[in-house]
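S.K.: take this sequence and fold it.
(one chain, ligands or ions: 1)
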Amino acid sequence: MKAQPKASHFVDGAYLEDKAGAAIEVIYPATGEVIAVVHEATPAVVEAALASATRAQGAWAALRPVERARILRRAADLIRERNPDLARLETLDTGKPVQETLVADWPSGADALEYFAGLAPTITGETIPLGRDFVYTIREALGVCVGIGAWNYPSQIACWKSAPALALGNAMVFKPSEVTPLGALQLAEIYIEAGLPPGLFNVVQGRGAVGGALVTDPRVAKVSLTGSVPTGQKVYAAAAAGVRHVTMELGGKSPLVVFDDASVEDAVGAAMLGNFYSAGQVCSNGTRVFVQKGIKARFLKSLAARTAKITLGDPLDEATQMGPLVSAAQLDKVLGYIETAKAEGATLVCGGERAALNSGFYVQPTVFADVTDAMTLAREEVFGPVMAVLDFDTEDEAIARANATEFGLAAGVFTADMARAHRVVGQLQAGTTWINAYNLTPVEAPFGGAKSSGVGRENGHAAVEHYSQIKSVYVGMGPVDAPY
Ligand code: NDP
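M.R.: Residues are numbered from 1 along each chain as shown. Take a look at the predicted model:
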């Protein structure tokens, strides 16, 4: 199986290679096979990308918003036309089953292009009357933005960052995670085919050092990172040195609180979606499932039965429901957390082992019950198919324990009592919350984290704030009243 791109980077409207950069092997997680090799960007490639973005951005920002929107809409159409091929490539890059990549990854990316294409032409300023004089405001592009992606939704992340950036008149240099470098190159090709002028969306490959070089360049106005909290802290600090705008989409350990009046089957289904989709490699997963004691036995029984039926297998087979983890390193990390949970006394309900399939990086979908707040499994982000079920008695207790974490990305509540649902959600410290649902992230809704889980918001009208800035224009309509 091969998925070799035409070259490692995409700069100034064309593929670009520079084999002087260290080789990065792209591994198909279902078999461990090397399917492509790309090279890390050299300083010359980084320079070419930033120079071309800087050159292109001014003329792009000067276009009418509808002209920019037309190009984004065309790109969205191309994505939808090519979705089957793009989904297959995403599966090779990430190991996620095509059952998911066909409906989630590129389609949600195309949604972002359509949404921000529609939104951009509606952005206006305001007029502030001051008697004789007045002020008007203009919402302007920031300039050159850097996007840095994680490996779990590589193409969706590239779209979610570039769509608002481009729609509002910015240029973007995007660095995918070194683990999943392929999808962003496809997006760069599609943008050019849709009519995007060269330089406005450049892709450079590399590890943290390449990201570091981009983040600290004086030409860069904004950095948007999706990644872990420790990386976010480093990148935020580096961006702060240049007083750059930032969006930080970081990790989580989100609570899903299930009250005993909830529909147990719906709550179980949501907990499974919020722990097992993408083999659990989703930042907003509800990995601390708080279940009220009255329904604990029923909840665990149904959960174990439904989890046992999950089909693991070849991710390219549309019947497969769960693929491997993204890499050998992630496999080791997740198995380590499973062993720690066993050692710390959590009750293993199901799973708990590596799944031996084709030398791929598979882990059985795993559920632990009787998890306590102090256990490692309740405190650290695992990023694998490992669910922790915790018991609780009262509403106040659930809220206090749900909030007792440095993270604040997401949270969910299941209950038939709508007054309680709104009361509880109002007290949960999280950027994105759900009532009787979990992990639905439509582009229309702002998405992002509270506390250590992030700064800024992607999607929705909120993203406009993070890819543009306001200029106030004071208009003097009469003589200048100077005291000297
Ligand atoms: P990492 O934090 O390891 O990496 C994120 C990106 O930052 C990668 O492209 C990485 O490159 C790059 N990077 C690393 N160090 C630096 C640096 N010093 N300067 C600039 N860039 C750097 O995250 P993962 O890729 O492992 O992704 C998993 C994490 O992402 C999880 O914590 C998850 O919760 C979070 N995430 C958050 C989401 C959200 O929207 N809130 C969505 C998806 C994931 P390289 O990989 O080459 O080192």
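S.K.: now do stretch 440-447, average pLDDT.
M.R.: If you average the pLDDT over stretch 440-447, you get 98.
S.K.: does any bit of that stretch sit next to the ligand?
M.R.: No. Stretch 440-447 lies apart from the ligand when judged by C-beta under 6 Å from any ligand atom; the minimum separation is 6.7 Å. Using the backbone N, CA and C atoms, a C-beta is placed for each residue, glycine as well.
S.K.: buried residues of that stretch, list them for me.
M.R.: Across stretch 440-447, burial judged by 16 or more other C-beta atoms under 10 Å covers Thr441, Val443, Pro446, Phe447.
S.K.: check stretch 210-219 too.
M.R.: Of the residues in stretch 210-219, those buried (16+ other C-beta under 10 Å) are Val210, Gly211, Gly212, Ala213, Leu214, Val215, Thr216, Asp217, Arg219.
S.K.: residues in contact with the longest helix along the chain: which ones?
M.R.: Longest helix of the chain, by residue count under DSSP state H: helix 43-61. The contact list for helix 43-61 (C-beta atoms under 8 Å, 6 or more residues apart in numbering) reads 9, 11-13, 16, 18, 21, 41, 68, 140-141, 143-144, 166, 169-173, 197-200, 202, 204, 210, 213-214, 217, 219-220.
S.K.: so how do I select the buried members of the residues you listed in ChimeraX?
M.R.: To isolate the buried subset of these in ChimeraX, counting by 16+ other C-beta under 10 Å, use the following:
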select :9,11,12,13,16,18,21,41,68,141,143,144,166,169,170,171,172,173,197,198,199,200,202,204,210,213,214,217,219,220
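S.K.: the closest residue to the ligand within the stretch 1-150 of the chain: which element?
M.R.: The nearest approach of the stretch 1-150 of the chain to the ligand comes at Ala150, 3.2 Å away (C-beta to the nearest ligand atom). Secondary structure assignment for Ala150, by DSSP states H and E: no helix or strand.
S.K.: if you drop the residues flanking it in sequence, what lies closest to it?
M.R.: Counting by C-beta to C-beta, 6 or more residues apart in numbering, Ala150 lies nearest to Thr226, which is 4.6 Å off, once chain neighbours are set aside.
S.K.: got the contact list for Met1?
M.R.: Neighbouring residues of Met1 by C-beta under 8 Å, 6+ apart: Tyr28, Thr31, Glu33, Ile35, Leu92.
S.K.: in JSON lines: the residues you listed, plus distance to Glu47, neighbour count and pLDDT.
M.R.: JSON lines is the format used below for those (distance: C-beta to C-beta, whole Å; neighbours: other C-beta atoms under 10 Å; pLDDT from 0 to 100):
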{"residue": "Tyr28", "distance to Glu47": "32", "neighbour count": "24", "pLDDT": "98"}
{"residue": "Thr31", "distance to Glu47": "37", "neighbour count": "19", "pLDDT": "96"}
{"residue": "Glu33", "distance to Glu47": "34", "neighbour count": "16", "pLDDT": "96"}
{"residue": "Ile35", "distance to Glu47": "29", "neighbour count": "17", "pLDDT": "98"}
{"residue": "Leu92", "distance to Glu47": "31", "neighbour count": "28", "pLDDT": "98"}
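S.K.: filter those residues down to just the ones in strands.
M.R.: Judged by DSSP state E, strands contain the following of those: Tyr28, Glu33, Ile35.
S.K.: check contacts around Glu189.
M.R.: So Glu189 contacts Phe10 (C-beta under 8 Å, 6+ apart).
S.K.: is it fair to say it lies in a strand?
M.R.: No. Counting by DSSP: H, G, I helix; E, B strand; the rest coil, Glu189 is located in no strand; its state is helix.
S.K.: mind checking how far it is from Glu40?
M.R.: To Glu40, Glu189 is 21 Å away according to C-beta to C-beta, to the nearest Å.
S.K.: from Ala51, how far out is the residue nearest to Ala150?
M.R.: Counting by C-beta to C-beta, the separation of Thr226 from Ala51 is 25 Å.
S.K.: more crowded one of the two?
M.R.: Thr226 (28 against 16; other C-beta atoms under 10 Å).
S.K.: I'd say that one and Gln156 touch.
M.R.: No. With contact defined as C-beta atoms under 8 Å, Thr226 does not count as touching Gln156 (9.6 Å).
S.K.: if we can go back for a sec, near the ligand too, which of the buried residues of stretch 210-219?
M.R.: Restricting the buried residues of stretch 210-219 to those adjacent to the ligand (criterion: C-beta under 6 Å from any ligand atom) gives Gly211, Gly212, Val215.
S.K.: now, those residues that are in helices?
M.R.: Per DSSP H, those map to helices at Gly211, Gly212, Val215.
S.K.: closest one of the residues you listed to Glu380?
M.R.: Gly211 (23.3 Å; C-beta to C-beta).
S.K.: now Met248: which helix or strand?
M.R.: Element membership for Met248, per DSSP H and E: strand 245-249.
S.K.: paired strands for that strand, with orientation please.
M.R.: strand 220-226 (parallel), strand 454-455 (antiparallel) (DSSP bridges).
S.K.: pipe those into TSV and attach mean pLDDT per row.
M.R.: TSV is the format used below for the strands paired with strand 245-249 (pLDDT from 0 to 100):
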stretch	mean pLDDT
strand 220-226	98
strand 454-455	98
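S.K.: go through those and pick out the most buried.
M.R.: strand 220-226 (a mean of 25; mean count of other C-beta atoms under 10 Å).
S.K.: hey, C-alpha coordinates of the next helix or strand along the chain from that one in PDB?
M.R.: The helix or strand immediately downstream of strand 220-226 is helix 229-241, counting by DSSP H and E. Extracted in PDB, the C-alpha atoms of helix 229-241 (Å, rounded to 0.1, in the frame of the first residue of the first chain):
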ATOM      1  CA  VAL A 229      -1.800  21.200  26.900                       C
ATOM      2  CA  PRO A 230       2.000  21.000  27.300                       C
ATOM      3  CA  THR A 231       2.500  21.900  23.600                       C
ATOM      4  CA  GLY A 232      -0.100  24.600  24.000                       C
ATOM      5  CA  GLN A 233       1.700  26.100  26.900                       C
ATOM      6  CA  LYS A 234       5.000  26.300  24.900                       C
ATOM      7  CA  VAL A 235       3.400  27.600  21.700                       C
ATOM      8  CA  TYR A 236       1.300  30.200  23.600                       C
ATOM      9  CA  ALA A 237       4.400  31.400  25.400                       C
ATOM     10  CA  ALA A 238       6.400  31.700  22.100                       C
ATOM     11  CA  ALA A 239       3.500  33.500  20.400                       C
ATOM     12  CA  ALA A 240       3.200  35.900  23.400                       C
ATOM     13  CA  ALA A 241       6.800  37.100  22.900                       C
END
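S.K.: who's in contact with helix 229-241?
M.R.: By C-beta under 8 Å, 6+ apart, helix 229-241 touches 148, 208, 211-212, 215-216, 223, 225, 227, 245-246, 248, 250-251, 406-407, 452-455.
S.K.: go with 7 Å
M.R.: Residues from elsewhere that reach helix 229-241 (C-beta atoms under 7 Å, 6 or more residues apart in numbering): Ile148, Gly211, Gly212, Val215, Thr216, Val223, Leu225, Val246, Met248, Leu250, Gly251, Ser452.
S.K.: kindly report the same for stretch 376-395.
M.R.: 251-253, 271, 275-276, 279-281, 287-293, 296, 300, 322, 325, 330, 334, 337-338, 340-341, 344, 346, 363, 365-369, 371-372, 398, 401, 420, 424.
S.K.: among those, which lie within helices?
M.R.: Members of the contacts of stretch 376-395 lying in helices (criterion: DSSP H): 271, 275-276, 296, 300, 330, 334, 337-338, 340-341, 398, 401, 420, 424.
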